[in-house]
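Colleague: Predicted model, plus sequence, below.
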Amino acid sequence: MDGAVAASMREKGLQYRIIWGVSILHLQEMAKEIGGDADLARELWKEDCRECRILATMIMPSKAMTPEEADSWTSTLTTKETAEWLAFNLIRHLPFARQWAEKRSSSDNTLQRLCAEYVLARVNR
């Protein structure tokens, strides 16, 4: 935990119940050690904790996620940061990424729409 980083994130308006202040590089190292683990990813996603949610996007195997689960995860987004990591680390790699994102790009849910736009920006390359 890095208390100074966590405090800075809170001051900048990040809305999570828990922020540990762990760097993305450290989360990536943890994800490499853990490997793909759908059950753990699903449990981590349930936590309103910045690092748990980001790590979940890193360890969830793309073959294990359904369109319904992608909807479920994006319906519970609370920050732009997590929407970006979810799009970049996971959803853009799903076999149905383009179709999912096109359908959700006009969602009433602002963060779901943002996630879809991030995905479309990546899959259209």
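Modeller: Sure, I can see it.
Colleague: CA atoms for contacts and neighbours, from now on please.
Modeller: Fine.
Colleague: Surely residue 44 touches residue 57?
Modeller: No. At 9.2 Å, residue 44 does not count as touching residue 57 under the criterion of Cα atoms under 8 Å.
Colleague: Look at these two and report which has more neighbours.
Modeller: residue 57 (25 against 20; other Cα atoms under 10 Å).
Colleague: how near is that one to residue 108?
Modeller: 23 Å (Cα to Cα, to the nearest Å).
Colleague: tell me the average confidence for the longest helix that the chain contains?
Modeller: Assignment by DSSP state H gives helix 110-123 as the longest helix of the chain. Helix 110-123 comes out with an average pLDDT of 94.
Colleague: which element follows the lowest-mean-pLDDT helix or strand in the chain toward the C-terminus?
Modeller: Ranking every helix and strand in the chain by mean pLDDT, DSSP states H and E puts helix 3-11 at the bottom, with a mean of 58. Once the chain leaves helix 3-11, the next helix or strand it forms, by DSSP states H and E, is helix 24-34.
Colleague: any low-confidence regions in the protein?
Modeller: 1-20, 124-125 (pLDDT under 70).
Colleague: Contacts for whatever helix or strand residue 58 lives in, please.
Modeller: If you go by DSSP H and E, residue 58 is part of helix 50-59. For helix 50-59, contacts defined as Cα atoms under 8 Å, 6 or more residues apart in numbering pick out 16, 18-22, 27-28, 30-31, 34-38, 40-42, 44-47, 82, 85-86, 89-90.
Colleague: Let me see the contact set for the residue nearest to residue 38 when sequence neighbours are not counted.
Modeller: The spatial neighbour of residue 38 that comes closest, neighbours along the chain excluded (Cα to Cα, 6 or more residues apart in numbering), is residue 60 at 4.9 Å. By Cα under 8 Å, 6+ apart, the residues touching residue 60 are 36, 37, 38, 41, 42, 90.
Colleague: you'd agree residue 83 is up against residue 77?
Modeller: Yes. Using Cα under 8 Å, residue 83 is in contact with residue 77, at 6.5 Å.
Colleague: okay, these two: which has more neighbours?
Modeller: residue 83 (24 against 20).
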